[in-house]
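Peer 1: generate a structure from the sequence data that follows.
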Amino acid sequence: MKLPVIEKLQLPALVSATSRLQCAGKLARSKNNLVYLNIDDAYIHDLFPLLQNQGVKMPDYFGAGAVGAHISVIYPEENKAINNEDLDQEHHFVVKELITAKIEHKTYYAFLIESPSLLRLRRRLGLPDLLCFKNYAIGFHITIGTKSS
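Peer 2: All right, here's what the predicted structure looks like:
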């Protein structure tokens, strides 16, 4: 697996705005088998406008069948089944920093997060600490914007 090119963004107002949002969510599974932590949509609706960057678009996570704001825990391509009893369990996290990550022809604007309980879940299922997304190794994160290259 490759590592994406990651750069820290220095937008302290944006990072501090996360302090008023709940840092917890419940584990869910989408129709296409994405296992994710369902979090407050305000992470995108309230924070995306603070990016103030032309060309950055809100992620397409809303609308019919979409999952809304979330933290990916197991991508469908990781081919790992989760026990139904793990679903709907609450997990907490801490927002660490705001970054950009370049993967293929897209730049993702995201908060890196830390969650010991989500990490324990991945380890219990025999998965590596980092998620596999399009053959890139990435940590837990909340994407709030994207930009095509």
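
Peer 1: please make it C-alpha for all contacts and neighbour counts, starting now.
Peer 2: Noted.

Peer 1: the lowest-mean-pLDDT helix or strand in the chain: what's the following helix or strand?
Peer 2: When the helices and strands of the chain are scored by mean pLDDT, DSSP states H and E, helix 12-17 comes last with a mean of 86. On the C-terminal side of helix 12-17, the closest following helix or strand by DSSP states H and E is strand 24-29.

Peer 1: paired strands for the next helix or strand after that next one, with orientation please.
Peer 2: Using DSSP H and E, the helix or strand that follows strand 24-29 in sequence is strand 35-38. As defined by DSSP bridges, the strand partners of strand 35-38 come to strand 24-29 (antiparallel), strand 70-74 (antiparallel).

Peer 1: buried stuff in the next helix or strand after the last one?
Peer 2: For strand 70-74, the succeeding helix or strand toward the C-terminus, using DSSP H and E, is strand 90-92. Neighbour-count burial for strand 90-92, counted by 16 or more other C-alpha atoms under 10 Å, picks out His91.

Peer 1: ok, Leu119 - contacts?
Peer 2: Going by C-alpha atoms under 8 Å, 6 or more residues apart in numbering, Leu119 touches Asp129.

Peer 1: let's see 10 Å
Peer 2: 73, 127-130, 139-140 (C-alpha atoms under 10 Å, 6 or more residues apart in numbering).

Peer 1: hmm, which two among these are most spread apart?
Peer 2: Leu127 and Phe140 (13.3 Å; C-alpha to C-alpha).

Peer 1: who touches both of those two?
Peer 2: What both Leu127 and Phe140 touch, as defined by C-alpha under 10 Å, 6+ apart, is the set 74, 119.

Peer 1: more neighbours: which of those two?
Peer 2: Phe140 (22 against 17; other C-alpha atoms under 10 Å).
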